[in-house]
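>>> Model the following, please.
(2 chains)
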Amino acid sequence: MLENKEYKVIGTRPIRHDGVDKVTGRALYGADFQAAGLLHGRVLRSPHAHARIISIDTSRAEALPGVKGVVTAKDLPDPGDKIADLGEGAVNLKHLCDNILASDKVLYKGHAVAAVAATNPHIAEEACTLIDVEYEVLPPVLEVRQAMEPDAPLLHEHLRTTSLGETADEPSNVASHIQHKLGDPEKGFAEADVIIEREFVTGTVHQGYIEPHNATAHYNQDGQLTIWCSTQGAFTVREQVAEILQYPISKIKVVPMEIGGGFGGKISVYIKPVAALLAKKTGKPVKVLMNRADVFEGTGPTPASFIRVKMGATKEGKITAAEAYLAFEAGAYPGSPVGPGAMCIFAPYSIENVIIDGYDVVVNKPKTAPYRAPGAPNAAFGSETVVDEIAEKLGIDPLEIRLLNGAKEGDRRADGPVHPRIGCIETVEAAKAHPHYTAPNGKKHHGRGVASGYWFNIGLESSVTINVNSDGTINLIEGSTDIGGTRASIAMQAAEVLGISAESVNPSVVDTESVGYTAVTGGSRTTYATGYAAYEAAQDVKRQMIARAAKLWEVEEANVQFADGEFSSINGKEEQISFRDLCARLGETGGPIVGSGTVNPGGAGGAYATHVVDVAVDEETGKVDILRYTAVQDAGKAIHPSYVEGQIQGGAVQGIGWALNEEYIYNAEGEMTNASFLDYRMPTCLDLPMIDAVIVEVPNPGHPYGVRGVGEVPIVPPMAAIANAIYDAIGVRMTELPMSPDRLLKAMGKI
Amino acid sequence: MPIVAIPSLLRNLTNGEDSIIVSGATIREVIDNLEARYPGMKARLCEDDRIKPGLAVYINGLLTRGSILESVDEDAEIHFLPAIGGGLILTQCV
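Residues are numbered from 1 along each chain as shown, chains lettered A, B, ... in the order given. Below is the predicted model of the structure:
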């Protein structure tokens, strides 16, 4: 129904509304926040990966001149056994609180144990050194398979494995087990002519957002708490802080400042409740900033994992069965993304017989946080490498085998639901037709690889309010923090409805008291769901404006039509008035117009991507260079193509870093030894070619303009695509991430 | 009548059946009727008359908010899966 529709605003490339402020340095970020009497907070973190806290003595710190307050877990309300309902999910409240300030045990190096507020940051830092913490050091568990051993040291004595509502009797580091089963895998493997089974290991990887976490908190005299911060969701901050502090949400206002990247890592709270505790204790506004080491060691990365994949196919290339075992590190508390990994692993294919087992396992590392398509990149590294090997064994082109088995509308996913209209096949076809795929690449130690990926996307709640101005512009009020140009992509959807330019929309991201509930900027949902809410709010405005035109012309509303920004009378009077001119007459026709839209759409529509990459491998050093990279992705409908391309390029680049360089490197004591951007090596523009982003548009029937989320799926294929390219270059299958020079040399037998 | 896909970890309650046709106009009625035929099912899916935290409900392929009050059509297909959405975001046992 949405194919080939012509739009006036959608699909164009206006300058983003927040662009000038950001490139001129005027945009206000959390660290810029200032207030009279502002105090500065600093968090003391554990030097041990696993230890029992025997005692904490803060007296020496409190005696330091300039120190105004010190807090520990004892300043938090007792969480009891409560499961916290955070609106967007439910978590064990004790785990949530203990991750903010450890009460009885520290579970990773960098775990927060106390915090100080002082008149300047240097005094706060010095005071932290005066806090005396006595620990009983325990052996750390640093790897998922080690943690699953029956005799592994336990992180939580009361944790027991749950399997869809059933709880095991014995304590374990395995928090949960999930399983998806479709058809008869045993029969499917019996029908296969070729079966490949491989094991894969992926490292712990950080989102690497450029702006560290920050928060400033202040209590008014009447107990109203305000928090100014960098976050992907002001409402989720409000919910988490309310639960942790056991404080009414009606007495908490969260003001989202501009955000310097998040990629999923700025959804969980860390220092926001700490700033609030310090503000309450001191009676002053308190600002807490993280440095880069704090970010690496004290916030959630995406997990390391162990994955086993087995797939079988007929000699004609039809995949008959697939099996996966996914064990993901949750970090210190349960909650790894093994669920979405299990959902996504075989989703690019139509396979009748599948079994997938997933395990969520706690280890002595920071509690994991979402990172772009959480879980799916780990999983795809395994499955897409095995698909490549099957294609090679059968002598079938790797894109051809993806076309032969590609998922399409009506196919059943391994986890059960049937695919709606999707663009999997279309991304593979576009990759195959791209000049990159047929370009010569025959030099020695050069190779080409491909991989596909899937991310399901989410909907959730969004609210938008539109105030109509007398000059024909509108103010669009939204609650979605803008990470990647969503002010523009949301404004454009309202503009399209009202027949006005994108520049005639003034979008504002506001605090939790100034707009209806809006879920996080995450799950690739913002342009989809908040854009949908903007569409509905604009429709509301349009309905009211039609009523005003009818009143003006003394005709029935049914006799007023609206098209291309013009209201006109039909059936009788020949009247016409533009949106802009009618805005100037709102006063005489009834007063201001405010439109609103609130949605909770279920039809987010899955997104697919297929990537092609050329690499050169230096046989002497093991270094891999990316020579050419093409990323094809189904965007449903690209509202602002430049920002869709930006998301595709950004995701691919982060995937390249994950593939080749990035990992937390731990010593035997569980200390991260590379907690700086000097040693945690993310790719820069000097490491990369231009990423050629190709947008495919298969409209999503679950959105009025066909939008699909685009922010996450581009990080899913790169690791496998690069591994497959390395194999093409040197004939070595890489099964461990990152594929760093030392691992390549080892795989080649050179060290 | 609606058809419920039985998660593999619950098929021990349904003698291995992977889908069950069961009456009900809401998720609550569907679960109650499942419980009547397969005792123990409700305790695995619900807690305090709500869908368990960490579980998501799909109706006809669309993710819902997981409320037992959701209406279901006569020919609806219902799945109970590890929660995605916000559960994904915050607990990640999405």
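
>>> Alpha carbons of stretch A:299-307, in PDB - could you do that?
Only the C-alpha atoms of stretch A:299-307 are listed here, as PDB (Å, rounded to 0.1, in the frame of the first residue of the first chain):
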ATOM      1  CA  THR A 299      29.500   1.200  33.100                       C
ATOM      2  CA  GLY A 300      28.000  -1.600  31.000                       C
ATOM      3  CA  PRO A 301      29.800  -2.900  28.000                       C
ATOM      4  CA  THR A 302      28.300  -5.500  25.700                       C
ATOM      5  CA  PRO A 303      29.100  -9.000  26.700                       C
ATOM      6  CA  ALA A 304      31.700 -11.500  25.800                       C
ATOM      7  CA  SER A 305      30.200 -14.800  24.700                       C
ATOM      8  CA  PHE A 306      30.800 -18.400  23.700                       C
ATOM      9  CA  ILE A 307      28.800 -19.600  20.800                       C
END
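
>>> hmm, it touching chain B?
No - using Cβ under 8 Å from any Cβ of the partner chain, stretch A:299-307 stays clear of chain B, coming no nearer than 8.8 Å. The way it works is simple: take the backbone N, C-alpha and C, and place the C-beta from them, glycine included.

>>> Helix or strand with the lowest mean pLDDT in the chain?
I'll assume chain A. Lowest mean confidence among the helices and strands of chain A (mean pLDDT, DSSP states H and E): strand A:83-85, at a mean of 76.

>>> my bad, the chain I had in mind was chain B
Going by mean pLDDT, DSSP H and E, chain B bottoms out at helix B:85-86, a mean of 40.

>>> quick one, what contacts the residue nearest to residue B:76 when sequence neighbours are not counted?
Excluding its sequence neighbours, the residue lying closest to residue B:76 (Cβ to Cβ, 6 or more residues apart in numbering or on different chains) is residue B:2, at 4.3 Å. Listed by Cβ atoms under 8 Å, 6 or more residues apart in numbering or on different chains, the contact set of residue B:2 reads B:21-24, B:30, B:72-78.

>>> which two of those residues lie the greatest distance from each other?
The largest separation in the contacts of residue B:2, counting by Cβ to Cβ, is between B:23 and B:77 at 14.5 Å.

>>> More neighbours: which of the two?
Neighbours were counted for residue B:23 and for residue B:77 using other Cβ atoms under 10 Å in any protein chain shown; residue B:77 has more, 18 against 12.

>>> Quick one: the strands in chain B, in order.
B:3-5, B:19-21, B:46-47, B:50-51, B:55-59, B:62-63, B:77-82 (DSSP state E).

>>> Paired strands for the last one, with orientation please.
Strand B:77-82 pairs in its sheet with strand B:3-5 (parallel), strand B:55-59 (antiparallel), by DSSP bridges.

>>> residue in the stretch 301-450 of chain A nearest to chain B?
Residue of the stretch 301-450 of chain A nearest chain B, by Cβ to the nearest Cβ: residue A:339 (3.9 Å).

>>> you'd agree residue A:56 is in a strand?
Yes - checked against DSSP: H, G, I helix; E, B strand; the rest coil, residue A:56 lies within a strand.

>>> quick one, what contacts it?
Contacts for residue A:56 were tallied using Cβ under 8 Å, 6+ apart; they are A:72, A:113-114, A:131-134.

>>> try residue A:452
Residue A:452 makes contact with A:348, A:380, A:384, A:402, A:424, A:427-428, A:608-611, A:717, according to Cβ under 8 Å, 6+ apart.

>>> Regarding it, what are the backbone dihedral angles?
With angles defined as degrees, to the nearest 10, residue A:452 sits at phi -110, psi 170.

>>> Now do the same for it: its pLDDT.
On pLDDT, residue A:452 comes in at 98.

>>> For the most centrally placed residue in chain B, give me its contacts.
Nearest to the mean C-alpha position of chain B, counting by Cα atoms, centre = their mean, stands residue B:80 at 4.0 Å. Contacts of residue B:80 were listed using Cβ under 8 Å, 6+ apart, and they are B:4-5, B:7, B:10, B:45, B:51, B:55-58.

>>> Also residue A:524?
Contact analysis of residue A:524 by Cβ under 8 Å, 6+ apart lists A:455, A:457-458, A:604, A:607, A:708-713.

>>> For those, give me TSV that also has secondary structure.
Shown next, in TSV, are the contacts of residue A:524 (three-state DSSP):
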residue	secondary structure
A:455	strand
A:457	coil
A:458	coil
A:604	coil
A:607	strand
A:708	coil
A:709	coil
A:710	coil
A:711	coil
A:712	coil
A:713	helix
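
>>> What segments of chain B are helices?
Per DSSP state H, chain B has helices spanning B:27-37, B:41-45, B:85-86. These are given in chain order.

>>> Packing partners of the longest one?
Here helix B:27-37 is seen to pack against helix B:41-45 when contacts are counted using 3 or more Cβ pairs under 8 Å, 6 or more residues apart in numbering or on different chains; DSSP states H and E.

>>> what's around residue A:497, how many residues?
By the criterion of other Cβ under 10 Å, residue A:497 has 22 neighbours.

>>> Can you give the distance of the helix or strand harbouring it from its chain's centre?
Following DSSP states H and E, one finds residue A:497 within helix A:486-498. Centroid separation for helix A:486-498 versus its chain: 23 Å, with Cα atoms, centre = their mean, to the nearest Å.

>>> What is the subsequent helix or strand relative to that helix?
The helix or strand immediately downstream of helix A:486-498 is strand A:505-509, counting by DSSP H and E.

>>> Name every sheet partner of that next one and say whether each one runs parallel or antiparallel.
Paired neighbours of strand A:505-509 in the sheet (DSSP bridges): strand A:474-478 (parallel).

>>> tell me the mean pLDDT over the partner strand?
98.

>>> go on, stretch A:160-175?
The pLDDT scores in stretch A:160-175 average 93.

>>> try stretch A:374-392
For stretch A:374-392, mean pLDDT rounds to 98.

>>> Tabulate the CA atom coordinates of stretch A:197-207 in CSV.
Provided in CSV are the C-alpha atoms of stretch A:197-207 (Å, rounded to 0.1, in the frame of the first residue of the first chain):
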residue,chain,number,x,y,z
GLU,A,197,29.8,-27.2,13.3
ARG,A,198,32.1,-24.5,14.8
GLU,A,199,32.7,-22.8,18.1
PHE,A,200,33.2,-19.0,18.5
VAL,A,201,34.4,-16.7,21.2
THR,A,202,33.7,-12.9,21.3
GLY,A,203,35.3,-10.3,23.6
THR,A,204,33.8,-7.7,25.9
VAL,A,205,33.3,-4.5,23.9
HIS,A,206,32.3,-1.0,24.9
GLN,A,207,30.0,1.3,23.1
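
>>> In terms of secondary structure, what does the lengthiest helix in chain A contact?
Longest helix in chain A, counting residues (DSSP H): helix A:531-553. With contacts defined as 3+ Cβ pairs under 8 Å, 6+ apart, the packing partners of helix A:531-553 are strand A:462-468, strand A:474-478, helix A:486-498, strand A:560-563, strand A:566-569, helix A:579-583, helix A:586-589, strand A:594-599.

>>> give me that answer again for 6 Å
Applying 3 or more Cβ pairs under 6 Å, 6 or more residues apart in numbering or on different chains; DSSP states H and E, one finds that helix A:531-553 makes contact with strand A:462-468, helix A:486-498, strand A:560-563, helix A:586-589, strand A:594-599.

>>> And the contacts of the second one?
For helix A:486-498, contacts defined as Cβ atoms under 6 Å, 6 or more residues apart in numbering or on different chains pick out A:7, A:9-10, A:16-18, A:476, A:480, A:502, A:505, A:507, A:526-527, A:530-531, A:534-535, A:538-539, A:579, A:639-640.

>>> for chain B, what are the nearby residues on the stretch 501-650 of chain A?
For the stretch 501-650 of chain A, the residues in contact with chain B (Cβ under 6 Å from any Cβ of the partner chain) are A:520, A:522, A:602-603.

>>> Alright, calling it a day.
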